[in-house]
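Q: Only the shape, not the letters, is given here:
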Ligand SMILES: O=c1ccn([C@@H]2O[C@H](COP(=O)(O)OP(=O)(O)O)[C@@H](O)[C@H]2O)c(=O)[nH]1
Ligand SMILES: O=C(O)[C@@H](COP(=O)(O)O)O[C@H]1O[C@H](CO)[C@@H](O)[C@H](O)[C@H]1O
């Protein structure tokens with residue numbers, strides 16, 4: 001891992017308990033308008049889970065503790081009862097088509113996150129996926145807290161364990177499959193300063209509106225990678241941070257759906273590589289080191305472990321002198337002269 005990334009990992013990684021609600025409320029009051037918070041849930045066919053998340057945010061973070069100023073579910077074109085479930089639980093619900101109608105919407109998560117900026121007012125915008133189960137308010141307080149208490153920070157991502165679950169039962173440790181197989185290698189090779197992010201694709205992150213409104217939003221699943229890479233370029237690594245909020249339980253898509261997600265994420269990365277001319281040879285292009293993370297049983301925190309990435313390429317055999325020499329023998333047609 002680059003020393004800069006390792007240093008960032010030490011200085012900009014925290015746990016959610018660092019921001020108890022009393023500290024948050026005091027910081028919110030002191031921050032005034034800069035401390036207003038909008039929570040946004042992008043939702044496509046999430047009727048079975050969206051209501052419980054809305055209920056927890058409304059009850060714990062709006063009624064009990066006035067931390068969140070507005071809670072908006074943006075319906076991404078659901079065919080189920082997502083909107084009704086969200087409204088019944090107390091969220092403001094906006095349909096994607098009703099936002100900026102002059103611009104025909106395209107399908108995708110990023111499209112609704114982008115449009116959400118038009119229908120929310122908070123200086124801090126907190127994105128939470130709507131397919132989470134066992135949702136904990138710390139998913140919000142943990143990532144909003146740093147922004148309320150440190151004006152130098154611009155974007156904070158949640159980090160967590162991601163067990164792979166089916167019907168609520170853990171079937172493997174390996175959630176975040178596109179993260180591990182596509183996004184993390186891409187970031188490590190092309191944006192090694194971001195190698196310290198444990199969950200670069202995580203759907204729970206908070207950022208200042210003043211940053212989000214200046215970023216491109218890939219309309220599909222490339223939005224998390226795109227925003228992270230562009231935020232790095234725009235505000236620098238030190239304005240970014242991550243907070244450990246424990247374990248994330250969510251619905252998992254099948255491998256073909258994740259293949260489509262991987263393709264859009266790869267495309268999003270290529271777009272940025274091309275835009276910043278990083279496809280051309282550069283000293284840190286495709287840095288051959290991959291840093292991964294696992295939960296440390298002793299400290300309970302995330303432990304980074306780095307691995308060399310095979311970067312050796314052999315030249316065409318035809319260019320190897322020994323090969324050309326060997327070829328003369330075989331060329332005689334006598335296989336014993338190999
Ligand atoms: O076109 C889309 C695709 C996804 N989502 C929402 O974005 C979040 C993350 O999507 P998903 O759970 O499919 O991603 P995963 O977590 O499986 O990678 C969820 O709240 C989805 O309902 C959305 O609003 N529009
Ligand atoms: O991290 C991942 O590999 C994918 C898939 O997660 P799983 O393998 O289903 O646990 O999930 C994330 O990626 C999406 C694209 O960035 C985000 O939109 C999701 O919020 C996030 O869960």
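A: The structure has been received and is ready for your questions. Owing to the predicted nature of the structure, the values given are computational and were not obtained by experimental measurement. Ligands and ions are numbered 1, 2, ... in the order given.

Q: only C-alpha atoms for contact and neighbour calcs from this point on.
A: Noted.

Q: and residue 165, backbone torsions?
A: Note on residue 165: its backbone torsions stand at phi -120, psi 150 [degrees, to the nearest 10].

Q: Now for it: which residues touch it?
A: 171, 172, 249, 250, 251, 252 (Cα atoms under 8 Å, 6 or more residues apart in numbering).

Q: Using TSV, lay out those together with pLDDT, secondary structure and neighbour count.
A: Converted to TSV, the contacts of residue 165 look like this (pLDDT from 0 to 100; DSSP: H, G, I helix; E, B strand; the rest coil; neighbours: other Cα atoms under 10 Å):
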residue	pLDDT	secondary structure	neighbour count
171	75	strand	12
172	73	strand	11
249	89	strand	20
250	87	strand	21
251	85	coil	17
252	83	coil	16
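
Q: out of those, which touch ligand 1?
A: residue 252 (Cα under 6 Å from any ligand atom).

Q: between the contacts of residue 165, which is closest to ligand 2?
A: Nearest to ligand 2 among these: residue 252, at 3.7 Å, using Cα to the nearest ligand atom.

Q: ok, that closest one touching residue 162?
A: No - with contact defined as Cα atoms under 8 Å, residue 252 does not reach residue 162; the gap is 10.3 Å.

Q: Let me know the secondary structure of residue 107.
A: In three-state terms, and counting by DSSP: H, G, I helix; E, B strand; the rest coil, residue 107 is coil.

Q: correct me, but it touches residue 219?
A: Yes - look at residue 107 against residue 219 with Cα under 8 Å: they come within range, at 7.4 Å.

Q: Looking at the two, which one has more neighbours?
A: Using other Cα atoms under 10 Å as the criterion, residue 107 and residue 219 rank with residue 219 on top: 20 against 13.

Q: Confirm that the more buried one sits in a strand.
A: No - assessed by three-state DSSP, residue 219 does not belong to a strand; its assignment is coil.

Q: Please report phi then psi for it.
A: In terms of degrees, to the nearest 10, the main-chain angles of residue 219 are phi -80, psi -20.

Q: gap between it and residue 199?
A: Separation of residue 219 from residue 199 (Cα to Cα, to the nearest Å) stands at 20 Å.

Q: Then residue 138?
A: Separation of residue 138 from residue 199 (Cα to Cα): 16 Å.

Q: And residue 290, by the same measure?
A: 14 Å.

Q: who has more neighbours, these two?
A: Using other Cα under 10 Å, the more surrounded residue of residue 290 and residue 199 is residue 199, with 23 against 19.

Q: Nearest residue to that one in space, please, no chain neighbours.
A: Nearest residue to residue 199 in three dimensions, chain neighbours excluded: residue 159, at 5.3 Å (Cα to Cα, 6 or more residues apart in numbering).

Q: my read is that neighbour is in a strand, agree?
A: Yes - looking at residue 159 with three-state DSSP, it is inside a strand.

Q: you'd agree it is up against residue 201?
A: No - the pair residue 159 and residue 201 fails to qualify as a contact (Cα under 8 Å) at a distance of 9.7 Å.

Q: and the residue nearest to residue 199, what is it in contact with?
A: Taking Cα under 8 Å, 6+ apart as the contact definition, residue 159 lies against 197, 198, 199, 202, 242, 243, 244, 245, 246.
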